[in-house]
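Enquirer: Below is the structure, and that's it, no one-letter string:
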């Protein structure tokens, strides 16, 4: 039941296939793949997807880790509940909320900017700021998730190495670098895997906030496939794109499973 | 300075901590707070400048409109039906698979990672072929299609979660139950099942949240009669346009179940969100 769709998608990718069943299907072989590699929008979409992925994952992991270090040493246990909220709310609701918050003349983000004397920003109207907006929303939604996992990891660490380091007179930074980080490797790789593959799937927030625009500045791969299949009526081409996405995801998945099993066996 | 005045340094560190905490909390709470407060605002207060952030006269007008004059409640029912039936199905199938993998090492590590990669794939990748299959079976926009599709999402999740819960139960318990005269399935039914019930509940809650929040598949595979809440809300933006109060109140309604469930089952959330990898 699960293998069949994957085989089917490969077959479809060799055809010029319309969503309307009466239009004949034409076998075109590798033609779709050839045009895909010439399609500059496809290149751009790949570029956007990977830039978003790398940028967002780096920020979320750093910020999440710092916040976790911070909360684990303070008495802010009740804060945990608050940090759970963004991760469980539907991305559609999150996207909708941020669309309003980032609105040029009615959004409160711009109101706060003008209140501290800065210029209004046309968040969703310009390519670069629209891309940054998508990043901000993802960072908002998933940094707390990264933080909670780091926090759980930090709290499960044994105390003895810390006491030993303290006896040896290690500085705070040294403790972090040589005691905490090595022990946290499995947790770090878990967060890395979940976040990277999740960002690769990004669709809902882009759909709600920018619909891939302005132009195609935020057209991530998932959104591109969706458009080709269900708007441009090119199921064959969309299937070809899907095969590429499938290969990319599988490669990343294998990479992460290797990192994960290595991290788990080394500790 | 640092050596001479440790007290001042301590106070400084504490103040810095409080400031960071306040900024972080404000950043992560504000959008949710804005959503909830706007859903209770009168139209004039929504667009007031400067914005009325804390002080306004709350009204239920938006909710009344959404519940009385729109099909948001019907979509909520669709969401509920899809999420609940899928949760039950996923738990049933997934737990059996998890038991096999945990106790008999069926498929080994490979099968486990295969399940995980199913879950990690972008859903759009399989939606083109699945759409064609569903269209041929005339399942588009029926109440049957989403619970079945979400199996793709939730069964791998249940397998990982329940495997981690079953792994925690020592094999001896099952064996001693069998020695005491329990049949093989009797031992599972009377001994194992009660022991994994908390795990089942926690896993079910997360399955429900995932299915309830799912958007992409719901949008592609439903049109009207089986449409779920997230799809309804996304379409609401173009219908209600500037009536932010109506839009935010329907979005808030969609956010209530996950928030309430996350609050009640806090303890299991980290474990759930990492597929059982982290037992916090």
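Expert: Okay, I see it. Just so it is clear, the structure is predicted and the values come from calculations on it, not from any experiment. Residues are numbered from 1 along each chain as shown, chains lettered A, B, ... in the order given.
Enquirer: nearest residue to residue B:119 other than its sequence neighbours?
Expert: Counting by Cβ to Cβ, 6 or more residues apart in numbering or on different chains, residue B:156 is the residue found nearest to residue B:119 once chain neighbours are left out, at 4.0 Å. C-betas here are computed from N, CA, C, even on glycine.
Enquirer: That neighbour: which element?
Expert: In this assignment (DSSP states H and E), residue B:156 forms part of helix B:151-167.
Enquirer: Pop the domain breakdown of chain B in here.
Expert: B:6-63, B:67-273 (automatic domain parsing).
Enquirer: On the three-state scheme, residue 57 is what?
Expert: As the question left the chain open, I've gone with chain A. helix (DSSP: H, G, I helix; E, B strand; the rest coil).
Enquirer: oops, I was thinking of chain B
Expert: coil.
Enquirer: Please report how far it lies from chain A.
Expert: 19 Å (Cβ to the nearest Cβ, to the nearest Å).
Enquirer: quick one: contacts for that residue?
Expert: Residues in contact with residue B:57 (Cβ atoms under 8 Å, 6 or more residues apart in numbering or on different chains) are B:42, B:45.
Enquirer: Which residues are in contact with the one residue sitting closest to the centre of chain A?
Expert: In chain A, the residue lying closest to the centroid (Cα atoms, centre = their mean) is residue A:199, at 1.8 Å. Residues in contact with residue A:199 (Cβ under 8 Å, 6+ apart) are A:52-53, A:56-57, A:138.
Enquirer: Which secondary structure state does it sit in?
Expert: helix.
Enquirer: Give me the pLDDT for it.
Expert: Note for residue A:199: predicted pLDDT of 93.
Enquirer: repeat for residue A:266
Expert: For residue A:266, pLDDT reads 62.
Enquirer: cool, and residue B:2?
Expert: With respect to pLDDT, residue B:2 has a value of 49.
Enquirer: if we can go back for a sec, between the contacts of residue A:199, which sits nearest residue B:169?
Expert: In terms of Cβ to Cβ, no member of these lies closer to residue B:169 than residue A:57, at 35.5 Å.
Enquirer: how near is the residue lying farthest from the centre of chain A to residue A:160?
Expert: In chain A, counting by Cα atoms, centre = their mean, residue A:167 sits farthest out from the average C-alpha position, at 41.7 Å. For residue A:167, the distance to residue A:160 (Cβ to Cβ, to the nearest Å) stands at 11 Å.
Enquirer: Can you say which helix or strand has the residue of the stretch 151-267 of chain A found nearest chain B in it?
Expert: Closest contact between the stretch 151-267 of chain A and chain B, by Cβ to the nearest Cβ, is at residue A:152 (3.4 Å). Element membership for residue A:152 (DSSP H and E) is helix A:127-155.
Enquirer: who in the stretch 151-280 of chain B is up against chain A?
Expert: Residues of the stretch 151-280 of chain B lying near chain A by Cβ under 8 Å from any Cβ of the partner chain: B:152, B:209, B:212-213, B:215-216, B:220, B:230, B:233-234, B:237, B:244, B:247-248, B:251-252, B:254-255, B:258-259, B:261-263, B:266, B:269-270, B:273-274, B:277-278, B:280.
Enquirer: quick revisit: residues of the helix holding residue A:152 that come out buried?
Expert: A:129-131, A:133-154 (16 or more other Cβ atoms under 10 Å in any protein chain shown).
Enquirer: Quick check, residue A:63 in contact with residue A:143.
Expert: Yes: judged on Cβ atoms under 8 Å, residue A:63 makes contact with residue A:143 at a distance of 5.0 Å.
Enquirer: Helices along chain A, start to end?
Expert: With DSSP state H as the criterion, chain A has helices at A:3-12, A:31-38, A:40-73, A:79-88, A:91-101, A:108-115, A:127-155, A:160-167, A:172-175, A:181-200, A:204-209, A:221-230, A:235-266.
Enquirer: any idea which of those is most buried?
Expert: Mean neighbour count (mean count of other Cβ atoms under 10 Å in any protein chain shown) peaks for helix A:91-101 among these, with a mean of 25.
Enquirer: what's the angle between that helix and helix A:79-88?
Expert: Orientation check (axes from the mean of the first three to the mean of the last three Cα atoms, to 10 degrees): helix A:91-101 against helix A:79-88 gives 100 degrees.
Enquirer: which helices and strands does helix A:91-101 pack with?
Expert: helix A:127-155, helix A:204-209, helix B:6-39, helix B:229-240, helix B:244-264 (3 or more Cβ pairs under 8 Å, 6 or more residues apart in numbering or on different chains; DSSP states H and E).
Enquirer: can you give me the angle that helix makes with helix A:108-115?
Expert: 30 degrees.
Enquirer: what bits of the stretch 101-250 of chain B have low per-residue confidence?
Expert: B:239-242 (pLDDT under 70).
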